[in-house]
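Engineer: Need a 3D model of the following:
(one chain, ligands or ions: 1)
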Amino acid sequence: MNETILKKNKGKYSIENVPINDITEKFGTPSYVYSKKIILNNYLDFKNQFEGIDHLICFAVKSNPNIAILNLLAKNGAGFDIVSGGELQRVLAAKGDPKKVVFSGVGKSQEDIELAIEHNILTFNVESEAELYRIQNSAKKLNKKANISIRVNPDVDPKTHPYISTGLKDNKFGVDEQKAISMYKIAKTLDAINIKGIDCHIGSQITELKPFEDSIKKLLELIDHLESLNIKIEHIDVGGGIGIQYSKETPPSFYEYSKTVKNIIGNRNLKVIFEPGRVLIGKAGILLTEVEYVKNSSDKNFLIVNAAMNDLMRPALYQAFHEIINISQSNSDKKNYDVVGPVCETGDFLGKDRFMSAEEKNILAILDVGAYGMSMSSNYNSRPKVPEIIVDDNKCHLIKNRESFSDLINSEKLLP
Ligand code: LLP
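Structural biologist: Numbers count the residues shown, from 1 in each chain. Coordinates of the predicted model:
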């Protein structure tokens, strides 16, 4: 879990057994590069913690939806947490098993619900009473039955950035415990609905165990109560949210996390579902970018690079920190730089106050961007999306082409 992606040998950096220079020469910059070994090791390490326990790891597709990555995980037994019909189509394109798919999200469209029912997904994580009825009606229309779990909002503070906390009572996600009970009672009466499980997801980049502990305990109490009402719950989905170290955070190890989950759940006859995203893929990816200009003024020094907020939105959106390393040789003096992109917004920065040495044409690596990097990128400022590459030992595989200008305007039309 703690393996670093960049290896340095005699002043030269590589990923697995491929020198970074080879990658930039072949694919140019900016580009996202992942290590297959780290992705797989993370997934298998996580999985091994739960050996002997009935469980399923449903990778959160939104964290990195590239079909090569989904396929790699699917081949190793992973299921998937999806939040749209588009993500389901990606899972199918990646040869993932729809019977291992859980479908979360507060605004599921009729169309997406029907697609999921047609593919017999493992469960809908239902987030409102209105959605429950919509699923019942869609299943009836298709002459099928739909599996459901209710997403409970346990009102637990995950102590993370407010934009990515989801389990507090004023967040839009899930329903409170009383509402969940009444929804299970309704679900029991609906003829096209199978009650399968119970679900929660309290937020992302959580670095303490207590919020997980508190929310799972609340779900177990609810399961007991439901049992007393003759409502049988087969699985508990504890969501994702485990944090990673971007800077000085001290997130729990897989061992510590699994020990906590196992201690609380004990020997109950329950399948446990996990929805990790960031913790499996975050540290497995970097963004390579080239210095276009070094701009010094009396107050401030800037490294203007060819990647921008449209390629990596986390710093601009959450003031997120990502370590930046100059992987080229530079003999210039070290200075405090803001690393910024070419996009016309003051918020377009990738790092602030980085004490480093750099020159034009140097290659910088922005670390820990495997999760919510490419997946949140956009074409803002008419910037084509960058390619994605996976390194596998001494080989590189292009898993997404760099977009071209015609890709950008292909779907647009002039007025007649
Ligand atoms: N399950 C559900 C229902 C979710 O909404 C999410 C993430 C996950 C699982 C996976 O969470 P993870 O294990 O990756 O923490 N864009 C933000 C993160 C947003 C997370 C949204 N939900 C960021 O860049 O930090």
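Engineer: Any regions of the stretch 101-250 of the chain where pLDDT drops low?
Structural biologist: Scanning the stretch 101-250 of the chain with the threshold set as pLDDT under 70 gives 164-168.
Engineer: Run through the helices of it in chain order.
Structural biologist: Under the criterion DSSP state H, counting those that start in this stretch, helices of the stretch 101-250 of the chain are mapped to 110-118, 129-141, 177-189, 210-228.
Engineer: Pull the contacting residues for residue 293.
Structural biologist: 302-304, 360 (C-beta atoms under 8 Å, 6 or more residues apart in numbering). Where you see a C-beta, it was placed from the backbone N, CA and C, and this is true even at glycine.
Engineer: can you tell me which two in those residues are farthest apart?
Structural biologist: The span of the contacts of residue 293, defined through C-beta to C-beta, is set by 302 and 360 at 12.4 Å.
Engineer: Would you mind listing the residues touching both of these two?
Structural biologist: With C-beta under 8 Å, 6+ apart, residue 302 and residue 360 have common neighbours 293-294.
Engineer: on that earlier part again, ranking the contacts of residue 293 by neighbours, who comes first?
Structural biologist: Within the contacts of residue 293, residue 303 tops the neighbour count with 26 neighbours, counted by other C-beta atoms under 10 Å.
Engineer: and the nearest residue to residue 172 once chain neighbours are set aside, how many neighbours does it have?
Structural biologist: Once flanking residues are discounted, residue 172 sits nearest to residue 106: 5.5 Å by C-beta to C-beta, 6 or more residues apart in numbering. When neighbours are defined as other C-beta under 10 Å, residue 106 has 16 of them.
Engineer: Tell me if I'm right that residue 106 and residue 130 touch.
Structural biologist: No: using C-beta atoms under 8 Å, residue 106 is not in contact with residue 130, being 10.3 Å away.
Engineer: per the record, what domains does the protein have?
Structural biologist: Domain assignment for the chain by automatic domain parsing gives 6-34+282-409, 36-279.
Engineer: how much space is there between residue 339 and the ligand?
Structural biologist: To the ligand, residue 339 is 18 Å away according to C-beta to the nearest ligand atom, to the nearest Å.
Engineer: What is the subsequent helix or strand relative to the particular helix or strand that has that residue in it?
Structural biologist: Using DSSP states H and E, residue 339 falls within strand 335-340. Where DSSP H and E defines the elements, the next helix or strand beyond strand 335-340 is strand 349-356.
Engineer: Name the residues of stretch 289-300 that come out as buried.
Structural biologist: Going by neighbour count (16 or more other C-beta atoms under 10 Å), the buried part of stretch 289-300 is 289-291, 294.
Engineer: Just the residues you listed: which are in strands?
Structural biologist: 289-291, 294 (DSSP state E).
Engineer: Kindly indicate which of those lies nearest the ligand.
Structural biologist: residue 289 (18.2 Å; C-beta to the nearest ligand atom).
Engineer: residue contacts, the closest one?
Structural biologist: 29-30, 305-307, 311, 350, 363-364, 366.
Engineer: Then residue 303?
Structural biologist: 291, 293-295, 337-340, 354, 358, 364.
Engineer: What's the separation between the spatially most central residue of the chain and residue 234?
Structural biologist: Geometric centre of the chain, nearest residue: residue 63, 2.0 Å, by C-alpha atoms, centre = their mean. From residue 63 across to residue 234, the span is 26 Å (C-beta to C-beta, to the nearest Å).
Engineer: distance between the strand holding residue 339 and the chain's centre?
Structural biologist: 28 Å (C-alpha atoms, centre = their mean, to the nearest Å).
Engineer: Show me which residues of the stretch 251-400 of the chain sit near the ligand.
Structural biologist: 275-279, 314, 371-372, 376 (C-beta under 6 Å from any ligand atom).
Engineer: Between all of the residues you listed, which two are separated the most?
Structural biologist: So, those by C-beta to C-beta: farthest apart are 275 and 314, at 19.7 Å.
Engineer: if you count what's nearby, which of those two comes out ahead?
Structural biologist: Counted by other C-beta under 10 Å, residue 275 and residue 314 do not tie: residue 275 has more neighbours, with 26 against 21.
Engineer: what about residue 335, neighbour count?
Structural biologist: Counted with other C-beta under 10 Å, residue 335 comes out at 15.
Engineer: which residues sit in contact with it?
Structural biologist: Going by C-beta under 8 Å, 6+ apart, residue 335 touches 296, 301, 355-357.
Engineer: Next, count neighbours for whatever residue of the stretch 101-250 of the chain ends up closest to the ligand.
Structural biologist: Residue nearest to the ligand within the stretch 101-250 of the chain: residue 240 (2.8 Å; C-beta to the nearest ligand atom). Counted by other C-beta under 10 Å, the residues lying close to residue 240 total 25.
Engineer: re the thing from before, between the contacts of residue 303, which is nearest the ligand?
Structural biologist: residue 339 (18.1 Å).
Engineer: List the contacts of the closest one.
Structural biologist: 302-303, 305, 324, 349-352, 354, 364.
Engineer: coming back round to it: would you list the ones in strands among the buried residues of stretch 289-300 in JSON lines and tack on distance to residue 385 and pLDDT?
Structural biologist: Output for those, formatted as JSON lines (distance: C-beta to C-beta, whole Å; pLDDT from 0 to 100):
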{"residue": "289", "distance to residue 385": "14", "pLDDT": "98"}
{"residue": "290", "distance to residue 385": "17", "pLDDT": "98"}
{"residue": "291", "distance to residue 385": "21", "pLDDT": "98"}
{"residue": "294", "distance to residue 385": "26", "pLDDT": "97"}
